[in-house]
Every structure is written in structure tokens, then in C-alpha cells.
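>>> Show me how the following folds:
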Amino acid sequence: MVKTIEKKAIIYILFLFVLGISFLINLGTTKVFASTIASINNSEIEELKVEYYKNQYKIHVGDRTGTLLIKYERPKTERDVEWLNWSLRGTSATNMGLELDYDPTMGSPIIPFHHYESFDYDSKGTPNKWGKEAGILWEGAQKFSGNEYPNYYIGAAVYLPKKFNEEGIYFFINNYYAMKEDGQVRAYFYENRYVIKEAIDGVKTGGIFPLMNKVYWGKTELKSGQSGKATIIKNTTLWTRNSDGSLIYSRMLKPKEQFRVYSYSDQQGGVYGVGGGLFIKKDSNTVKYETPSKANLRLLKIMRGDSTL
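Here you go, the predicted structure:
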């Protein structure tokens, strides 16, 4: 009887030990997953080839699996009545998505982008039974950056766990009247990543979509439109301009102060425009001027919506 009790006690202790090890492993796994998500950086983003084709956009994904991001902007030269209407109505979502082939009917997409608040982030885009019955293959999320015409866009994201067709080419569709010209759609990819929530959070006025984080260059955030950085080496003057273009003293700058540079002019021996109508004179003895790295220049282009291909 004593031996039986001892056996049961030993088995119970072993069970607790294994359970404890399992718990620690799960904790470790959770930590690894969290750190993996936190470690996502902008260098992972890849711009994809997009072709304008009969009021639709061919996006070349290829064999990649991961998160596809789409930045959809209003036309720059054609009349954009639909975008103006969306602004006036305060539209928060529109019928848009991906097809596996060119669809001249512009009907309901086989991979739709739903309003971001109704998207099921936990499912990663797996359609429910009603969606499957309707022929939906997968689902994504969309969000308007705002409705401040003309400076707004639509950000969309979909997780592609596999190739849905042999070529890996998808046709982005929306209202015929809203898609007018080449260059309205840019596509980006984070391979082997599920980052829909993080991407959608960056879709807003002044947001960072399609990047995951702000871009830093040393101590300062790299801004769209920035061409360089000025670091003060020795005391020098910060200037503003008079109505006749002459420079007026603003204040004295101290060593180690840093400024974003947005423009350069050869006038007055060379001056850097640092924003807000302020200027610093070019002088290698008092100011160190630097330009961003190639990697950061690429990210700047993406922030502006320029092509990097």
C-alpha cells in the first residue's frame, strides 16, 4: 500500500514537472513571437511591379507568401469626381479587392478588402462559411487615411498564405470611375510576415503606411521631403528672410544641434532651408551637412509614394 502511494506521488511529481516545463516552453514561445513582431523593420519592405491594364492594376506577387500592402491614391491628372464624392460623403469603405484574372465586369472581387473595423484579424483572412459559399477565396482589410480632399488615400492589406493562381499575378479592381491612370496604385510586400493590423494602424493623415515604423536617421526622424541633415559644429546663426530676400538674424545656434534640411539655394553664398522659413548658411567650419543613406533614400521614396523600381 505504501509503495503504491509512493508510486502515485512520484507520477504526480513527474506530471507537475512536465507541466511546468511545458508552461515555460509556452512562455518562451510567446516571448519569441512577440519579439519577432516587434523586430519588424522597414528594410523588409519590397515594392512590387504594378501595371495599369484597362482600368485595373496587375500586381506581380510571384511565389511570395506574406502580407501584400496596396496604396491607392486619387488620379493626378484625370478628373477624379469619384474621389471628390467620397470626400463629400465621408465614405469609409469602397468595393475593392483582387481578382485572379482580368474581370471586365468589375463585379464583386474574389479576394475582397473589407472595412478595417469589421475585418477578423485573428482569422488572418480566412473567409467564414458564408464567404466560402459565395466563392470568396480570402479576405483583406481597407482603410481611408481620411476624407480631406485632395490629400487622402486608401490603404489595403491582405495576407497571402499561398499562391492562389499559377502566375502569382492579381488584378486590383475598384469603381471604374475612380481608377483613371497609371501610378494610382503602389504595391508592397512583407515576405513571410502577417502584419495587417500593424499596417492598417499606419493608414491615417500623417501616417507611415506602408512602412511599419517611423524612419530615424541618428537622433532625428526622417521626414518626407527631407533632402539632408545639418549638424552644428560651432556657434552659428539661424536666419529668416525679409520680404526683399535678405537674411535677418533669428537666434544663435549651439554645437550638436541638428536640423532637417528641405532645400538648398546658392544665394548669399549658399543657404540650407530647414523649414518654417528658417535658414542656415553653408559653412563647413560651422555646419556639417549630410545626405541620407541609399537605404533611407529608398524609404523616403516609399513615404512619398514614389516608385523605387
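
>>> residue ranges of the strands in the stretch 1-150 of the chain, please?
46-48, 50-53, 56-60, 66-73, 97-99, 111-115, 140-144 (DSSP state E, counting those that start in this stretch).

>>> Could you export the ones you listed to CSV, including columns for mean neighbour count?
(Glycine included, C-beta is placed from N, CA and C.) Shown next, in CSV, are those (neighbours: other CB atoms under 10 Å):
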stretch, mean neighbour count
strand 46-48, 16
strand 50-53, 15
strand 56-60, 20
strand 66-73, 23
strand 97-99, 23
strand 111-115, 20
strand 140-144, 25
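
>>> which stretch among the ones you listed comes nearest S227?
strand 46-48 (21.2 Å; CB to CB).

>>> Now do the closest one: everything it contacts.
Outside strand 46-48, the residues that touch it by CB atoms under 8 Å, 6 or more residues apart in numbering are 59-61, 68, 186-191, 302, 307-309.

>>> change it to 6 Å
Residues from elsewhere that reach strand 46-48 (CB atoms under 6 Å, 6 or more residues apart in numbering): I59, H60, A187, Y188, F189, T308, L309.

>>> Identify each buried residue in stretch 236-252, please.
T236, L238, W239, R241, L247 (16 or more other CB atoms under 10 Å).

>>> And the contacts of strand 46-48, which is closest to K163?
H60 (12.1 Å).

>>> Okay, and the beta partners of the closest one?
H60 forms beta bridges with I169, as assigned by DSSP bridges.

>>> so it makes contact with E51?
No. Using CB atoms under 6 Å, H60 is not in contact with E51, being 7.8 Å away.

>>> quick one on the thing from earlier: and the contacts of strand 46-48, which are buried?
I59, A187, Y188, F189.

>>> so how many other residues sit close to R79?
For R79, the neighbour count with other CB atoms under 10 Å is 10.

>>> before we move on, the earlier item: quick one: closest of the strands of the stretch 1-150 of the chain to G168.
strand 56-60 (7.0 Å).

>>> any idea of the angle that closest one forms with strand 66-73?
Between strand 56-60 and strand 66-73, the angle comes out at 150 degrees (axes from the mean of the first three to the mean of the last three CA atoms, to 10 degrees).

>>> Any chance you could give me strand 56-60 in CSV, C-alpha atoms only?
The C-alpha trace of strand 56-60 is given here as CSV (Å, rounded to 0.1, in the frame of the first residue of the first chain):
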residue,chain,number,x,y,z
GLN,A,56,-7.4,47.6,-63.5
TYR,A,57,-4.0,47.1,-62.0
LYS,A,58,-1.9,43.9,-62.5
ILE,A,59,0.2,43.2,-59.3
HIS,A,60,3.1,40.8,-59.7
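
>>> which outside residues touch that strand?
By CB under 6 Å, 6+ apart, strand 56-60 touches L48, K49, V50, E51, I169, Y170, F171, F172, I173, V185, A187.
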